[in-house]
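K.L.:
Predicted coordinates and the sequence they were generated for:
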Amino acid sequence: MKTRAFLLISLIIGGMYAMIETINDFNEKSFSEFFETVDADFDSLTFSKPTMHATPAETWSVNDEHKVDELLQFLQNYHVKKLKPEEIDLDDTIDEFTISLKDANGNDVTIIIAENLIIQNSLLYYEIVDGPLDVDWIVRFFVSNKS
């Protein structure tokens, strides 16, 4: 009888913990908190410029650790909020400027500039809540890293 009561109490506590964690997932968090959950050591950037007048999209990569750190420092000024599944339009064709951070383990985070979206590993969508991003800084960053 005591074992059943203990198991029932454990199940209730575990359920409450899962519920609280789910609620906290959708709360606003700083980029530093976001990157702690990603648990990746980014080592490259991939820039994508949208297609214009039927020309192919332009893409280039940068493997400079200082440039990755520069972008991460810039993003520390912003907060993100995880989007609920009903808030995500999976049929949306993204034709915007993007910056993708990648690490050796295959983790990636894509920043869609004009839509203020962050996409983690092509699955989890986050919105920048205190944006829009500083477009002047982003343009300078794009231009300075174009090969």
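P.N.:
In hand now; what should we look at?
K.L.:
Just give me the residue right at the centre of the chain.
P.N.:
With distances taken as Cα atoms, centre = their mean, the chain has I118 as the residue nearest its mean C-alpha position (3.5 Å).
K.L.:
In which helix or strand does that one reside?
P.N.:
Per DSSP states H and E, I118 falls inside strand 117-120.
K.L.:
Just the residues contacting that strand, thanks.
P.N.:
The set of residues that contact strand 117-120 without belonging to it, under Cβ atoms under 8 Å, 6 or more residues apart in numbering, is 34, 38, 80, 108-112, 125-128. No exception for glycine: its C-beta is placed from N, CA and C like everyone else's.
K.L.:
swap in stretch 74-90?
P.N.:
By Cβ under 8 Å, 6+ apart, the surrounding residues in contact with stretch 74-90 are 25-32, 34, 111, 118, 124-131, 133-134, 137, 141.
K.L.:
Save the contacts of strand 117-120 as CSV, and put in secondary structure and distance to I88 too.
P.N.:
Formatted as CSV, those follow (DSSP: H, G, I helix; E, B strand; the rest coil; distance: Cβ to Cβ, whole Å):
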residue, secondary structure, distance to I88
F34, helix, 17
V38, helix, 18
V80, strand, 14
D108, strand, 17
V109, strand, 16
T110, strand, 14
I111, strand, 16
I112, strand, 12
Y125, strand, 5
Y126, strand, 10
E127, strand, 10
I128, strand, 15
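K.L.:
Thank you kindly, that will do.
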